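Engineer: Have a look at this prediction, sequence included:
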Amino acid sequence: MSARKPLAVGVVRLPHARDLPLPAYQSDEAAGLDLVAAVPGTYKGPASSAWLYYTNEDRVWVDGLVWRGVGVLGGDHAFTRITGTVRFYLPVATSVTLAGRALAEHVDGDMPLPMLVDIGSSFGDFTGLGGAKSVRGVLRNRFLGRSRALGNLELRWRGNPFTVAGQRWRLGAVGFVDAGRVWHPATPSGGDLHWGRGAGARITWGEAFVVALDFAWGTEAGLQTYVGLGHLF
């Protein structure tokens, strides 16, 4: 049996975030900006986070997390998970944003196998490698490894808002390429680079509710369809 060990978090609040509504990363006003810059300075973050760092001028978000599992009540599952992530949001034209994410993670120690599918993120853990939240076009949780890396590149378009039944709506579209791989002695085939590409639609209701529909194709899984809420990152 293992337990999480809380770690303190230091957060830098950027000047441009002061007037944005919370949660800022879900609002149209934050599009193209540092999407979590409005986190108050008193925020302590998830217990697994060791440190967070945000930048503004280059519209880049960098975070690092350390997640420590300790054995309790005679349990022997002690481990440390270290995750580093870089995200960027670059406006390239009116209503068009180039967004990217690169993530690398390593697990040291004896993490229980059911937990090994989880990948750390300050947005909230997600599963992989493969599936709607990591590498679209690869079957969900297809590859496991103590070390893994993934990258996502999206070109996002946001249409003009319109009103239906008194509610504010906005349509959008996205084209994307995802890729990732794992390193683990027990999964030699995971050492290859696995990737998918595709396109999707976005429907935004109000300021925060986003419905995502993606179609991705990968060499191993063929055509895959994903329906979810919010952007991938």
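Structural biologist: Arrived safely.

Engineer: which residues of this protein fall in strands?
Structural biologist: For the chain, the strands defined by DSSP state E cover 2-4, 51-54, 60-71, 79-93, 96-109, 118-119, 126-127, 147-158, 162-164, 167-183, 194-205, 209-218, 222-229.

Engineer: With mean neighbour count, mean pLDDT and distance to residue 138 as added columns, please give the ones you listed in TSV.
Structural biologist: No exception for glycine: its C-beta is placed from N, CA and C like everyone else's. Listed next are the strands of the chain as TSV, based on neighbours: other Cβ atoms under 10 Å; pLDDT from 0 to 100; distance: least, Cβ to Cβ, whole Å:
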stretch	mean neighbour count	mean pLDDT	distance to residue 138
strand 2-4	15	45	28
strand 51-54	16	43	28
strand 60-71	19	86	23
strand 79-93	17	93	19
strand 96-109	18	94	15
strand 118-119	18	90	13
strand 126-127	16	88	12
strand 147-158	19	96	10
strand 162-164	9	95	36
strand 167-183	18	96	8
strand 194-205	18	96	5
strand 209-218	17	96	5
strand 222-229	13	95	8
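
Engineer: of all those, which lies closest to residue 135?
Structural biologist: strand 167-183 (4.4 Å; Cβ to Cβ).

Engineer: Tell me which of the strands of the chain sits nearest to residue 137.
Structural biologist: strand 194-205 (1.7 Å).

Engineer: among the strands of the chain, which is nearest residue 141?
Structural biologist: strand 126-127 (5.6 Å).

Engineer: what are the pairing partners of the closest one, and which direction each?
Structural biologist: strand 118-119 (antiparallel) (DSSP bridges).

Engineer: about what we covered before: kindly present the strands of the chain as TSV, with separate columns for distance to residue 140.
Structural biologist: Shown next, in TSV, are the strands of the chain (distance: least, Cβ to Cβ, whole Å):
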stretch	distance to residue 140
strand 2-4	24
strand 51-54	28
strand 60-71	22
strand 79-93	20
strand 96-109	17
strand 118-119	12
strand 126-127	7
strand 147-158	14
strand 162-164	34
strand 167-183	13
strand 194-205	12
strand 209-218	12
strand 222-229	9
